[in-house]
Each structure stands twice: as C-alpha cells, then as structure tokens.
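Asker: starting from these lines, generate the structure:
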Amino acid sequence: CGPRGVGKTTCARIFAKTINCMTPTTDGEACNECESCVAFNEQRSYNIHELDAASNNSVDDIRQLVEQVRIPPQIGKYKVYIIDEVHMLSASAFNAFLKTLEEPPAYVIFILATTEVHKIPITILSRCQRYDFRRISIDTIADRLKELTQKEQVQIEEKAVRYIAKVADGSMRDALSLLDQCIAFYFEQELTYDKVLDVLGAVDTGVFSRMLREILKGDAAAALGVLQDIVLQGRELSQFVTDFAWYLRNLLLIKSADGVEDIIDVSSDNLVRLKEEAELAENDTIMRYIRILSELSGQIRYATQKRILIEMAIIKLCRPAMETDTASLADRIRQVEENDGGTHHRAAADDAGVKNMPDANQSEDEHLFENALESDFAGQLLIHHGAHDAGDVVDDYESQKRVKQAVTSSQEPSEPAADTGEHHLN
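Answerer: Sure thing, here's the model as predicted:
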C-alpha cells in the first residue's frame, strides 16, 4: 500500500517474475534467459494474472478468480494474482474472497495493491503481510528524469527538472507524465524553466514575492493587480494558491529554525532571497496567511468562480480588521504601530480617555493588547447589552476578566448624589 505512482504494481510484477525464474542469479535476481523470464518479458506468461478491482469488483468476478486458482501453473513454480486497487471490491466480494485468501493452494500467491488501505476490512488485512510504500524524494525523481532525458537526447535545464520533480509530489508516474507533456509542447526544443512553468500553468517565485510585499503593505489594489496579471497569463489559479502556501511555508521554516535548507529544497539563489523576505513578516502573520490559504485551497477545489474566492482571500489578507480572532488582532496592532509610529496612537488614545500608561509589571505587548481590547472589543460589548459572556469574543483569560469587569460596571445603577446639607431657597 502507498500513494499513487510510487511503484506498487511494478514491484509486484518484478516480484512475480523473480520467484518464477528457473535459474536466478547469485543475488536473487531474475536471469532473463529461462523460459519463464522470456515469457514474462514477451508478455505471454500464464503464471501472472492482473485484476483491476476498480472495474471487476463484483462477487462474480471473485468467483471466477477462485475457479482459476484451482489450476496449477504449467511453467514455473507459482501462479501470482495481482489485484490492483483492491479497496474498490464490494463487501460481498471481500467475503467471497476471504476463504481462498485464508487457505490458498501452495502454488498461489496473492498480491494486493491499494492506495487506501483503511478501506480494506480487517479480516483481509489480518491475513496479509503489509508493506508500505512511501513517497519518492525529489532528488530521486530528478535523477531519474535526467537519466531519461539524456537517453532521449532532450535538452532541459536543471531548474526545470527540479520543478517537475517537486510538482510530482513524490509520484514518479506523475513526474514522467509532466515531462512528456512538456516535451510534447516544445518538441525538439530546449526545455527551460519558464517553458515548464508555462506548460504546467504555474508562476515564478518572483510573483509570490511581489504578492507578499503588497499584502504586507496592506495595498489590496496592488495585490489584486498581481492576481490580474496571473489570470491574463492563463495560469492555473488552484496551482497558484497551493504554490503560494508552500512559498509562505518556506518563509516560516527559514524564520523559525536553522539548517532547514534540505527541507525546503530550493536553489541557492532562491534561498538567499527567501532569507531576506523572511525578515519582512512576523511568524504569527505568516501562519495566519497560511491558514487562510489552506482554507481557500479546499474551497476552490470544486468552485465554479475560483477567481472571486481568491480575491476575497487576498482582501482578507490585506485587511486583518475584517477578522476578529487573536492572530488578526495582533496584525492590526502591528499595522497601527507601523503606520503611526506608536506616538500618535497613544496621544489619540489619551484624548479618548483610554488608559495608555503601562503598569510597572506589565510588558509592552500586554499593554498594547489591553488598549486594543478596551478600544475595540470592550466597546462593542458595552454597546450590545446582550453580550454578557465576553469569553465568546476574547480567548485570553486575563482579557476575558477585564472585559467582563467592564460589562459589569456598565450595568450597575449609578448611586444618587450625596446630600451636602446645602439648601437653596427661592
């Protein structure tokens, strides 16, 4: 079991060929010379049977397989049945297959391949040996693509090869399909990085840098202008959202830890630029961006108006005031500090009667957070008489305590004025 395109069915065929080899080599490999190996290489072996469970998932299909199992092999030692996408079998088909799988003939081997092992009944799993296939690394995929392009005499840039390997997401089959697609579009031409981006509908990392800078400045019009350029170039919007989220992820890793060059897997030039741009934003800001883009990625998967959803998300990134969570509040405070330098903000708060001087034991961050609460959330709670539970709005315990005290004091009846003993006679 394992993800798509990592060689599950291919390994099953190689294993079936090897165990039926009549004269294996000293290291256990198939000789490719005996009658069984020659029959396998010519695709006329009667000892290896493949069943696509996605299209043959009924009880009748399994019954037919059980009937074939009774016939011993004519050449070789074993009859091997490879059932691909076995999780697609129906419940009745699994029940019909259970007895044969539990007590197969000595000359029969079943190999079950699946991408969703959790859908296989436990009664089947308990009777099998499980081998987990993992995603193929980018280096391994890139080396294989270089080998193939050299054999096919295709000129391709190193950067283009790395990008195809990255987009393949650990699948060798997907990488080969993408490479074939690029070669078909630019037949007998050198495959450059820009050409690969054009074929796959992706954008360069420089576009992500421009987008991030405009968002950090809060310039929604400029950020939407970058998106407009991407649309006019005919780029795939879903791929843009995914790549932008990965770009921000790389920034977060560089900013949070040392020695992550191998994890983010970028060129040395891009690494230098990423380190420079990582200083432009705080960790909590980047994490808020990633959260919004991750939610957007799930929303636009089946949406008919992808561009509208992306534009809404970009505006939300530029305008943290549109959200009321703690991360957005921190962004709003940071923007006020950057725009006003802190001085005008404190002076305006003093004029409005907001407490500005921090306590002796109060940090600067706590003081800023308290002022924001008193000027924003607390004011809203005092206006709406039904907002008795401040905990629904504010997560921080101390902030809840202060806002609740503000609500309570606002609802207490005012005491009558004390009698001074002075009476005025007309």
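Asker: which residues touch Ser137?
Answerer: Neighbouring residues of Ser137 by CB atoms under 8 Å, 6 or more residues apart in numbering: Gly170. All C-beta spots, glycine's among them, are computed from the backbone N, C-alpha and C.
Asker: and it, how far is that from Ala165?
Answerer: 9 Å (CB to CB, to the nearest Å).
Asker: and what of Met22?
Answerer: Distance from Met22 to Ala165, by CB to CB: 39 Å.
Asker: who has more neighbours out of these two?
Answerer: Ala165 (27 against 14; other CB atoms under 10 Å).
Asker: that one contacts Arg135, correct?
Answerer: No: with contact defined as CB atoms under 8 Å, Ala165 does not reach Arg135; the gap is 11.4 Å.
Asker: can you give me the strands in this protein?
Answerer: Shown for the chain, the strands assigned by DSSP state E span residues 48-52, 79-84, 108-113.
Asker: shaky segments in the stretch 101-250 of the chain?
Answerer: For the stretch 101-250 of the chain, no stretch is flagged by pLDDT under 70.
Asker: would you map the helices across it?
Answerer: For the stretch 101-250 of the chain, helices defined by DSSP state H, counting those that start in this stretch occupy the ranges 122-125, 138-151, 158-167, 172-185, 193-200, 205-217, 220-232, 237-256.
Asker: out of those, which gets nearest to Ser58?
Answerer: Closest to Ser58 of the helices of the stretch 101-250 of the chain, according to CB to CB: helix 122-125, at 16.7 Å.
Asker: could you dump stretch 217-232 to PDB, C-alpha only?
Answerer: In PDB, the C-alpha atoms belonging to stretch 217-232 read as follows (Å, rounded to 0.1, in the frame of the first residue of the first chain):
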ATOM      1  CA  LYS A 217       1.800  46.900   2.900                       C
ATOM      2  CA  GLY A 218      -2.000  46.400   3.100                       C
ATOM      3  CA  ASP A 219      -2.300  47.500  -0.600                       C
ATOM      4  CA  ALA A 220      -5.300  45.400  -1.700                       C
ATOM      5  CA  ALA A 221      -5.400  47.100  -5.100                       C
ATOM      6  CA  ALA A 222      -1.800  46.300  -5.900                       C
ATOM      7  CA  ALA A 223      -2.200  42.700  -4.700                       C
ATOM      8  CA  LEU A 224      -5.300  42.200  -6.900                       C
ATOM      9  CA  GLY A 225      -3.300  43.700  -9.700                       C
ATOM     10  CA  VAL A 226      -0.800  40.900  -9.300                       C
ATOM     11  CA  LEU A 227      -3.600  38.400  -9.400                       C
ATOM     12  CA  GLN A 228      -4.900  40.000 -12.600                       C
ATOM     13  CA  ASP A 229      -1.600  39.500 -14.300                       C
ATOM     14  CA  ILE A 230      -1.600  35.900 -13.300                       C
ATOM     15  CA  VAL A 231      -5.100  35.400 -14.800                       C
ATOM     16  CA  LEU A 232      -4.200  37.200 -18.000                       C
END
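Asker: report the distance from it to the chain centre.
Answerer: 23 Å (CA atoms, centre = their mean, to the nearest Å).
Asker: for the closest residue to Ile48 other than its chain neighbours, give its distance to Leu89.
Answerer: Excluding its sequence neighbours, the residue lying closest to Ile48 (CB to CB, 6 or more residues apart in numbering) is Ala16, at 4.7 Å. Going from Ala16 to Leu89 by CB to CB gives 20 Å.
Asker: of the two, who's got more company?
Answerer: Remark: of Ala16 and Leu89, Leu89 carries more neighbours, 28 against 24, as counted by other CB under 10 Å.
Asker: all good on my end, thank you.
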